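Asks: here is my input; please provide its structure:
(one chain, ligands or ions: 1)
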Amino acid sequence: MQQLLKSYKMDTKYWIERWQAGKIGFHAIEVNSQLKEFWPTLPVEPSTPVLVPFCGKSLDMVWLYNQGHPIVGVEISEIACRDFFNEQRLSPKVSTVKNFKIFESEHIRLICGDFYELTEDLLPNKFAIFDRASLVSLPSDMRTCYARKIADLSPSGTTMLLITLRYAQNIMKGPPFSLKFSDIRGLYSDSFEIQPLKSINRIEQLKKFKERGLQEIWEESYKLTRQL
Ligand SMILES: C[S@@+](CC[C@H](N)C(=O)[O-])C[C@H]1O[C@@H](n2cnc3c(N)ncnc32)[C@H](O)[C@@H]1O
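Replies: You can find the predicted model right below:
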């Protein structure tokens, strides 16, 4: 437990420093294509808020917002939160609740702070979840804690669209880390029903990974439904 806590603290510092240094190669300049393909097939009404854990300044939030969803992102870096609103030409209201700084404009609320400290009272009663580049940003010893937090916060019936990556972990070190279907099952099958959706080899689009020695990198999507 002590070890887990130690690496976890290193991790928040690691990400804050990456944002400070502008090392944000994970930030995609296009909306994720599997989000666009599969979100409309999910049983999620357009008025349902979407929780985006570890949200960065992702443009996927803008796409979800444009589908009608209020957005609740959670992000440790204040730089990421401020950049998001600046780039969207929005002037957020800023407030403080517990250990969190909350940036809010229109129906987009970015909760700046540690996701593991998030409590239910900061979330809507009902929401869907979108996870791209969040679970895969965690080394294996930290994933259980993240998945447990997601399950604890999610009311029964919550739908999650999860996008992961799978590649030869012995060739390239993460982050992002490689996850197989069996890893997803190990993390979530106690609390969620899991349906694999699609697997696409992205090596031609993700050239930086080709340069790091990979011959294939599979972007995989899953629909998860929170059980009772
Ligand atoms: C790989 S990035 C992915 C960002 C976003 N999902 C995207 O698609 O661009 C992971 C993000 O999680 C944030 N993060 C890491 N640990 C966190 C924590 N404990 N609480 C909240 N955010 C965290 C990092 O600052 C970083 O922006």
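Asks: isn't residue 38 right up against residue 222?
Replies: No. Between residue 38 and residue 222 there is no contact, the gap being 9.4 Å when judged by C-beta atoms under 8 Å. To be clear about C-beta, it is placed using only N, CA and C from the backbone, and glycine gets the same treatment.
Asks: comparing these two, which residue is more hemmed in?
Replies: Remark: of residue 38 and residue 222, residue 222 carries more neighbours, 23 against 17, as counted by other C-beta atoms under 10 Å.
Asks: pretty sure that one sits against residue 194.
Replies: Yes. Applying C-beta under 8 Å as the test, residue 222 and residue 194 come out as touching, 5.7 Å apart.
Asks: what touches both of the two?
Replies: residue 184 (C-beta atoms under 8 Å, 6 or more residues apart in numbering).
Asks: just to revisit the earlier point, what do residue 38 and residue 222 both touch?
Replies: Residues touching both residue 38 and residue 222 (C-beta under 8 Å, 6+ apart): 161, 197.
Asks: for the ligand, what are the nearby residues on this protein?
Replies: Residues of the chain lying near the ligand by C-beta under 6 Å from any ligand atom: 11-12, 15, 19, 26-27, 54-56, 58, 74-77, 80, 114-116, 132-134, 137.
Asks: give me the next element, helix or strand, following the helix or strand bottoming out on mean pLDDT in the chain.
Replies: Lowest mean confidence among the helices and strands of the chain (mean pLDDT, DSSP states H and E): helix 2-20, at a mean of 72. For helix 2-20, the following helix or strand on the C-terminal side (DSSP states H and E) is helix 33-38.
Asks: just the strands in the protein please.
Replies: Secondary structure of the chain by DSSP state E: the strands cover 50-53, 71-75, 93-97, 100-105, 108-112, 128-132, 159-166, 192-201, 218-226.
Asks: now mean pLDDT and distance to residue 153 too, for these, in a markdown table please.
Replies: Formatted as a markdown table, the strands of the chain follow (pLDDT from 0 to 100; distance: least, C-beta to C-beta, whole Å):
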| stretch | mean pLDDT | distance to residue 153 |
| --- | --- | --- |
| strand 50-53 | 98 | 8 |
| strand 71-75 | 98 | 10 |
| strand 93-97 | 98 | 16 |
| strand 100-105 | 98 | 14 |
| strand 108-112 | 98 | 12 |
| strand 128-132 | 99 | 9 |
| strand 159-166 | 98 | 11 |
| strand 192-201 | 98 | 12 |
| strand 218-226 | 98 | 10 |
